[in-house]
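> Predicted model and sequence follow; I will ask about them next.
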Amino acid sequence: MYRGENKSVFWSKAYMVGRKVLVYTVLAILSFICLFTVYVLLINATRANGQIQHGFSAIPSVHFGTNVYKIFFSTKGGSFQMKYNTSFVRAMGNSAFVAICSTFCCVYFSTVIAYGIHMYRFKLRNAAFTFILVVMMIPTQVSTTGFITMCYKLKWIDHFFPLIIPSIASPVTFFYIKQYMESVLPFEMVEAARVDGAGEIRIFHQIVLPVMKPALAVQIIFAFVASWNNYFIPNLVLGGPKSANKKTLPIIISTLYSASNGSLDFGLIYMAIFLAIVPLTIVYFAFSRYIMKGLTLGAVKG
C-alpha cells in the first residue's frame, strides 16, 4: 500500500511537471514567433531595398538614416516621392488626432454608461445591458453600408467625425468596465459620498474615475491601438476629393505600394511600418503597469 501511494505521488508530480513543460514550451514558441517578426521589422528598417531583396540578414545595416530621410523628405529619382498633402508627418498627425479623440470618447463615455447601469436601478436596466451585449456580437462590416449612407446624408465624408463620434458607443469597452465596477466599486461608497453632499458629477469624477484607473488604463491601450491601426473605415470615409490632407497613417502606408512606379522600395516600407508602431509602443509602456492589475481585478467575481 505504501509503495502504491509513492507511485501515485510520483506520477502526480510527473504529470504536473510535464504539463508545466508543455505550457512553457508552447508559450516560448509563440513568444519567439511574435518577437522574431518584430526583430525582422527592425533589421529591415535599417537595410536598403537591394539588401532586403537579396535575402534575410540577422545583422542591422547602415541605411537607417537614409530610410528615415526618404520618409520625411521628397527624393528626386527615388522609388517614392512624398507629396506635402499626403505626407507621412501629416498622416501621423491625423492618426494621432483621431486616435486620441476616439480613445477619450470610447473610454470616458463607456465608463459613464457602465456607471449608470451599475449604480442606478431603473426599469429597463437589464434590458439595456442585454441590448448592449447583443450589439457587441454584431460585426462592424455588417453595418458598414448603412453607416456610409448615413455619413453621406450628414455630409461627414472627408471629415474626421465618422472616425471619432461612433467610438462613443463601444460595447466591448462598456462590458469590461462594467465587470470591473462590480469588483471594485461598492454601492456603499457612492452612497456615503451622496450622504456627505457630493453631487453625481463630482462623485463620478473624483471618486469613481480614480477607483477605475487600472481598468481605464487597459482600455486606453486597447482603444488607442484599435483606432491607430484602423484602415477599413478611414479608407471608406476619407476617399473623397477633399480628403487629400486628411489621410491617416494606415492609408498612407498602403499607398506606398501603388506610388512606387513599379519598383517597390522595401526599405522605405519597413521604415514606415517601424515609425508607425513607435507611438503604440510609447502608449503601451506608459500604461503597461496597469495591465495585469486591471485584467485581474476586472474579472468576474466568483
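Alright, I've got the coordinates.

> just for this protein, where's the confidence low?
Within the chain, the stretches with pLDDT under 70 are 1-7, 74-86, 257-263, 291-302.

> Spatially central residue for it, please.
What sits nearest the mean C-alpha location of the chain, by CA atoms, centre = their mean, is residue 225, with 2.1 Å.

> Ignoring the adjacent residues along the chain, who's closest to that one?
Excluding the flanking residues, the one nearest residue 225 by CB to CB, 6 or more residues apart in numbering is residue 280, at 5.7 Å. No exception for glycine: its C-beta is placed from N, CA and C like everyone else's.

> how does the protein divide up, domain by domain?
2-72, 84-297 (automatic domain parsing).

> Deepest-packed of the ones you listed, please.
Most buried of the domains of the chain, by mean neighbour count (mean count of other CB atoms under 10 Å): domain 84-297, with a mean of 16.

> starting at the chain centroid, how far to that one?
Remark: domain 84-297 is offset 8 Å from the chain centroid, using CA atoms, centre = their mean, to the nearest Å.

> before we move on, the earlier item: so which elements touch the helix or strand containing the residue nearest to the centre of the chain?
Taking DSSP states H and E as the definition, one finds residue 225 inside helix 213-228. Secondary-structure packing of helix 213-228 (3 or more CB pairs under 8 Å, 6 or more residues apart in numbering; DSSP states H and E): helix 88-119, helix 171-184, helix 266-287, helix 291-297.

> just checking, next helix/strand downstream of the second one?
Translated: helix 171-184. helix 187-195.

> In the protein, which helix is the longest?
When the chain is parsed with DSSP state H, its longest helix is helix 2-44.

> What is the subsequent helix or strand relative to that one?
Following helix 2-44 toward the C-terminus (DSSP H and E): helix 49-54.

> now that next one, how far from the centre of its chain.
With CA atoms, centre = their mean, you get 32 Å for helix 49-54.

> next one: stretch 21-33
That offset, for stretch 21-33, works out to 24 Å (CA atoms, centre = their mean).

> send the alpha carbons of it over as CSV?
Taking Å, rounded to 0.1, in the frame of the first residue of the first chain, the C-alpha atoms of stretch 21-33 are listed here in CSV:
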residue,chain,number,x,y,z
VAL,A,21,7.0,21.9,-19.5
LEU,A,22,4.3,21.7,-22.3
VAL,A,23,2.8,25.0,-21.4
TYR,A,24,6.1,26.8,-21.1
THR,A,25,7.3,25.3,-24.4
VAL,A,26,4.2,26.4,-26.3
LEU,A,27,4.5,29.9,-24.7
ALA,A,28,8.1,30.1,-25.6
ILE,A,29,7.4,29.1,-29.3
LEU,A,30,4.6,31.7,-29.5
SER,A,31,6.8,34.4,-27.9
PHE,A,32,9.6,33.6,-30.3
ILE,A,33,7.3,33.8,-33.4
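
> Can we start the residue count at 30 from this point?
Sure, I'll start counting at 30 from here, so that last one is stretch 50-62.

> contact partners of that stretch?
With contact meaning CB atoms under 8 Å, 6 or more residues apart in numbering, stretch 50-62 is reached by no other residue.

> Enumerate every residue touching the closest residue to residue 170 other than its chain neighbours.
Leaving aside its sequence neighbours, residue 170 sits nearest to residue 261 (CB to CB, 6+ apart; 7.6 Å). By CB under 8 Å, 6+ apart, residue 261 lies in contact with 169-170, 173.
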